[in-house]
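Novice: Sequence first, predicted model second:
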Amino acid sequence: MQPDQPRILSLKHLLMLALLVLVANWFFTFGLVCLKDDNSFYYMPVRMYLSDALHTEGIPYWNPYLMNGVPQHADMQGAVWNPIAYGLSYFFHYNHTAFLFEYMLYMLLAVTGIYRLMGLITKDSTMLLMAAIVYSCCGFVSGISNFINWTASLGFMPWMFYCFYTLLQQPSFKKAIWFGIVCWLMIVCGYPAFFIYASYCIAAILIWQWWVFKKAGKIALILASIRYLAIAIVVCMLLALPAMVSYIEFLPYYSRGHDLATDVAFRDCFYPQFLASLFIPASVYNKLFDPLCHSANRDIYFGTLPLLLMVLFIGNYKQYNKGIVKLFTGIALFTFIFLFGFLTPLGNMVFKFLPLMGAFKWSAAARIFLIILFIAAILLQAKQPGFFSVTDKKIKHLRITIAVLLAGVTIVFGMMNHNALFETSTHQRIFQLDTLVQFVLLVTAFVFIRRIISHKKWMLAFIAIDLLVNYSIGMAITGVGNVKPAVFNNYAKQFYQQQPDKYLDTPLMVNRKYYMFDPWKNHNASKILNGATFLESNTVFSTYEQMFILDTANERLLRNNRFVFSNDIKNLKIDTIHLGYNSIDIKLESGNAGNIILQQNNYHRWKEKSGLPINTYRNCFMKLPVKEGTNEIHLYYDKGYYPLLIDISNFALLLVLLLLFFGSLYKVLPTQWQPRKKLL
């Protein structure tokens, strides 16, 4: 057995991977453009709100501006429990520069993670760098770059698999702690669907490995893995305790957390026509494919040469007779079918019968698991004897495949250029540019395939040019806007200086339009709100959401009434309104006894200091009784047991960090390290 690679990344490799991230994201490195869409009008504003709260009062349990008020601590994408976003929000006034830093950090975690994970297959640094390029610059990454939680999942996912497999091969307390920490970060930083799907993949690998141990009579290894996996689960649950309790409490109200058997779910499927992105990545920007969804999120492109190598792998599949290869093949086939979601019987069965699989949408996002398996297959093939040897038969087969790809590019371009419905003329021009790029790449590969396939450095150079160019093209549409981060930073500076509650003088629906930041109005970059940050006409409360579809009366109320209004009080004068991070204070004069209505969701944790009952108006709004004359109403958010859960989580984090950094020194944790088995 060959000695394993170093336990940690060497400084040389770390710098090399950091340089890859900086070069691939050159438009962010030099501060030329901003992140856009959901990143700019949702993820960044909630972080700014979190930052503002942490600098003045503490953790914001309630966000009155998001969808008519939601418990931000329970929002699975609200960043309250994300330690990276929390740290940046706490130590700085969060702005777009911090946002770009957070994004680039996730990308660095992604490339280092895939480097270590694929290091279980090969120790060839050239091939590992190729794996990092493919993983960080594939179409999936540019397609989801407007959702930073998805990018965070991309960053932690390979580390999750790496820590799991090393723990499974050589169980230890220290490895169990690391696996628990990575799972915690996947839960609190990423999008839940990725953690859920990764957990099912891990369960499949675990069952297979236990079967192998049992067949070899290594029952002790099974028991050891159970013991240390239980430790990892305990560590994860303790660290994620307040987040998990928050999420579970809010899940019944979360529209994406249940009941996906609607037409909305079909918009999250990977339609067969999106396979055209294997030929021309920009083809997914055709709105005829899926006019109601972000079709760019369906890009499955992972490089021309890697696709050729996958064809070689499939052609030589019979020589890979290891059980784990067959297991991964099964996972790959399952994932490929699952991408089509409700379009297939398998997808219907999975969503209906597997726990939590029907709780979140975006089945098409599972293609990143497929790409990871593709990378593993290519590296497995590259380490086989004779891979870099060149024969006329091999060259012939590769050139035939390239000719087929050229024909595919021609067909896709012909169909799309005449029939496609592009969002803008710019999208169409980029599609045409991308077609030219793909044509040049394939012709180059056809002419120089002998040299490319026989030299690792030529292969790496070809893959780097291919992926970096296509990544920049993809990001030009899906990830970046044409506004410099400095513009957002200037806005953020004003955000922290603005007078609170000023916007409450006018109806919220007017505010939602009025406070749109005008520079984003006439181009493809995102819009951002100030005082009425990210207010929407509907909410995450499912009944309210459905009611807006069936009855627009609530929308009219939002449009035609102030934040506080009444239907049965003739002379209502609002003296002051203050929206805190966990409180709402109102002083008003009432001409007669009656009821006031607040344009806030009536979440069960709201209480009134003097004991006034809080009723529900039209299934969503808060309704409170008032007496004639002067009324002072003080609403507060009941934090309940959450402060205790936070203390438990913080203590657990401190304890595991002490164990990791000082445990080996004082013999609390074992220090001996032995080479582990290679994955393949």
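Specialist: Cool, the structure landed.
Novice: drop to CA atoms for contacts and neighbour counts, all remaining ones
Specialist: Fine.
Novice: Doesn't His634 lie inside a strand?
Specialist: Yes: assignment of His634 by DSSP: H, G, I helix; E, B strand; the rest coil places it within a strand.
Novice: Quick check: pLDDT value at it.
Specialist: Looking at His634, its pLDDT stands at 97.
Novice: How far off centre is stretch 108-121?
Specialist: Computed by C-alpha atoms, centre = their mean, to the nearest Å, the chain-centroid distance of stretch 108-121 equals 18 Å.
Novice: Alpha carbons of it, in PDB - could you do that?
Specialist: Taking Å, rounded to 0.1, in the frame of the first residue of the first chain, the C-alpha atoms of stretch 108-121 are listed here in PDB:
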ATOM      1  CA  LEU A 108     -12.200  28.200  -1.200                       C
ATOM      2  CA  LEU A 109     -13.700  25.600   1.000                       C
ATOM      3  CA  ALA A 110     -15.200  23.900  -2.100                       C
ATOM      4  CA  VAL A 111     -11.900  23.600  -3.900                       C
ATOM      5  CA  THR A 112      -9.900  22.500  -0.800                       C
ATOM      6  CA  GLY A 113     -12.700  20.100   0.100                       C
ATOM      7  CA  ILE A 114     -12.800  18.400  -3.300                       C
ATOM      8  CA  TYR A 115      -9.000  18.300  -3.400                       C
ATOM      9  CA  ARG A 116      -9.000  16.400  -0.100                       C
ATOM     10  CA  LEU A 117     -11.900  14.100  -1.000                       C
ATOM     11  CA  MET A 118     -10.500  13.100  -4.300                       C
ATOM     12  CA  GLY A 119      -7.100  12.700  -2.600                       C
ATOM     13  CA  LEU A 120      -8.700   9.400  -1.300                       C
ATOM     14  CA  ILE A 121      -8.500   8.200  -4.900                       C
END
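Novice: Pull the residues that contact that stretch.
Specialist: Identification of contacts with stretch 108-121 by C-alpha atoms under 8 Å, 6 or more residues apart in numbering yields 5, 9, 14, 17-18, 21, 128-129, 131-133, 135-136, 154-159, 161-162, 376, 379-380, 678-680.
Novice: Stretch 228-236 too?
Specialist: 167, 171-173, 176-181, 183-184, 652.
Novice: Using the record's assignment, carve this structure into domains.
Specialist: 11-481, 561-637 (automatic domain parsing).
Novice: how about the ones you listed, which one is nearest Tyr491?
Specialist: Tyr491 lies closest, by C-alpha to C-alpha, to one member of the domains of the chain: domain 11-481, at 8.6 Å.
Novice: Now the closest one: average pLDDT?
Specialist: Mean pLDDT, domain 11-481: 89.
Novice: For that domain, measure first residue to last.
Specialist: Taking C-alpha to C-alpha, to the nearest Å, domain 11-481 runs 34 Å from one end to the other.
Novice: Off-centre distance for that domain?
Specialist: Per C-alpha atoms, centre = their mean, the centroid offset for domain 11-481 relative to its chain is 9 Å.
Novice: Please enumerate the strands of the protein.
Specialist: For the chain, the strands defined by DSSP state E cover 34-35, 480-481, 564-565, 572-579, 583-590, 594-601, 606-608, 615-617, 621-626, 629-637.
Novice: Tell me how many other residues surround Leu557.
Specialist: Look at Leu557: counted by other C-alpha atoms under 10 Å, it has 16 neighbours.
Novice: go on, the one 3 residues further on?
Specialist: Asn560 has 15 neighbours, counted by other C-alpha under 10 Å.
Novice: wait, isn't Tyr271 in contact with Phe340?
Specialist: Yes: the pair Tyr271 / Phe340 is scored as a contact, 6.1 Å apart, by C-alpha atoms under 8 Å.
Novice: what about the spatially most central residue of the chain, distance to Ile187?
Specialist: Centroid-nearest residue in the chain: Trp150, 1.1 Å away (criterion: C-alpha atoms, centre = their mean). Distance of Trp150 to Ile187, given as C-alpha to C-alpha: 11 Å.
Novice: Val235 now?
Specialist: Taking C-alpha to C-alpha, one finds Val235 at 13 Å from Ile187.
Novice: again, but for Leu168
Specialist: Taking C-alpha to C-alpha as the measure, Leu168 falls 21 Å from Ile187.
Novice: got the phi/psi numbers for Cys620?
Specialist: The phi/psi pair for Cys620 (degrees, to the nearest 10) reads phi -150, psi -50.
Novice: ok, and the closest non-adjacent residue to Tyr106?
Specialist: Gly155 (4.9 Å; C-alpha to C-alpha, 6 or more residues apart in numbering).
Novice: picking up where we left off before, show me which of the contacts of stretch 228-236 is closest to Lys396.
Specialist: Nearest to Lys396 among those, counting by C-alpha to C-alpha, is Leu167 at 43.5 Å.
Novice: Can you tell me how far that closest one is from Met160?
Specialist: Distance from Leu167 to Met160, by C-alpha to C-alpha: 11 Å.
Novice: swap in Ala365?
Specialist: For Ala365, the distance to Met160 - C-alpha to C-alpha - is 17 Å.
Novice: likewise Leu624?
Specialist: On the measure of C-alpha to C-alpha, Leu624 and Met160 end up 48 Å apart.
Novice: In terms of neighbours, single out the busier of those two.
Specialist: When neighbours are counted by other C-alpha under 10 Å, Leu624 and Met160 differ, and Met160 comes out ahead with 26 against 19.
Novice: mind listing what that one touches?
Specialist: 179, 182-183, 186.
Novice: Okay, and which of those map to helices?
Specialist: Among the contacts of Met160, the members found in helices (DSSP state H) are 179, 182-183, 186.
Novice: Buried by neighbour count, from the residues you listed: which ones?
Specialist: Buried subset of those (neighbour count, 16 or more other C-alpha atoms under 10 Å): 179, 182-183, 186.
Novice: what's the neighbour count on the nearest residue to Leu221 once chain neighbours are set aside?
Specialist: Counting by C-alpha to C-alpha, 6+ apart, Phe213 is the residue found nearest to Leu221 once chain neighbours are left out, at 6.9 Å. Neighbourhood size, Phe213 [other C-alpha under 10 Å]: 15.
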